[in-house]
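K.L.:
any chance you could fold what I've pasted below:
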Amino acid sequence: QVQLVESGGGLVQAGGSLRLSCAASGRTFSSHTMGWFRQAPGKEREFVAALSWSGGDNTNYADSVKGRFTISRDNAKSTAYLQMSSLKPEDTAVYYCAAKRNTPPSPYAYDSWGQGTQVTVSS
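P.N.:
Model (predicted):
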């Protein structure tokens, strides 16, 4: 497992942008598939995006964020990112970073989680 710390959340107006960061500890970051999830008040946690340990175009996005959100990683910095654009009030949630080793970027089987960062989109 890796230790994960998210940052970059905040309050933004609808139509605006935010970039979330997920800093990972340890020297095995490059072998981990990274994912982003979110949980809105009163709702279950849902998958947002994932990027394979191999990087490149091996990504997976929830339909609700396709074309608006982009997941990326910088292995030299052991950091994953979620660039969010054209934000909507329904994107308001606590966003969590997650990791799992050497597996495709599916929404399942993550075993390391961050503490979450709040994103609030005002209308």
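
K.L.:
just give me the neighbour total for K77.
P.N.:
Neighbour count for K77, taken as other CB atoms under 10 Å: 12. All C-beta spots, glycine's among them, are computed from the backbone N, C-alpha and C.

K.L.:
do the same with A99
P.N.:
There are 26 residues near A99, going by other CB under 10 Å.

K.L.:
for whatever helix or strand it lives in, packing partners?
P.N.:
Assessed by DSSP states H and E, A99 sits inside strand 93-101. Secondary-structure packing of strand 93-101 (3 or more CB pairs under 8 Å, 6 or more residues apart in numbering; DSSP states H and E): strand 4-7, strand 18-24, strand 32-39, strand 112-113, strand 117-122.

K.L.:
which helices and strands does the fourth one pack with?
P.N.:
Other elements packing on strand 112-113 under the criterion 3+ CB pairs under 8 Å, 6+ apart are strand 93-101.

K.L.:
next: the second one.
P.N.:
When contacts are defined as 3+ CB pairs under 8 Å, 6+ apart, strand 18-24 packs onto strand 4-7, strand 32-39, strand 79-84, strand 93-101, strand 117-122.

K.L.:
pull out the buried residues from that strand.
P.N.:
Residues of strand 18-24 classed as buried by neighbour count (16 or more other CB atoms under 10 Å): 18, 20-24.

K.L.:
closest to P107 among those?
P.N.:
Nearest to P107 out of those is C22 (CB to CB; 16.4 Å).

K.L.:
my guess is the closest one contacts M34. True?
P.N.:
Yes. With contact defined as CB atoms under 8 Å, C22 and M34 form a contacting pair (6.8 Å).

K.L.:
hey, what's the most centrally placed residue in the chain bridged with?
P.N.:
The centroid of the chain falls nearest to W36 when counting by CA atoms, centre = their mean (2.6 Å). Per DSSP bridges, residues listed as beta-bridge partners of W36: A49, C97.

K.L.:
my guess is it contacts A98, does it?
P.N.:
Yes. W36 is within contact range of A98, at 7.4 Å (criterion: CB under 8 Å).

K.L.:
thinking again about what came up before, which residues do C22 and M34 both contact?
P.N.:
Residues touching both C22 and M34 by CB atoms under 8 Å, 6 or more residues apart in numbering: 80, 97.
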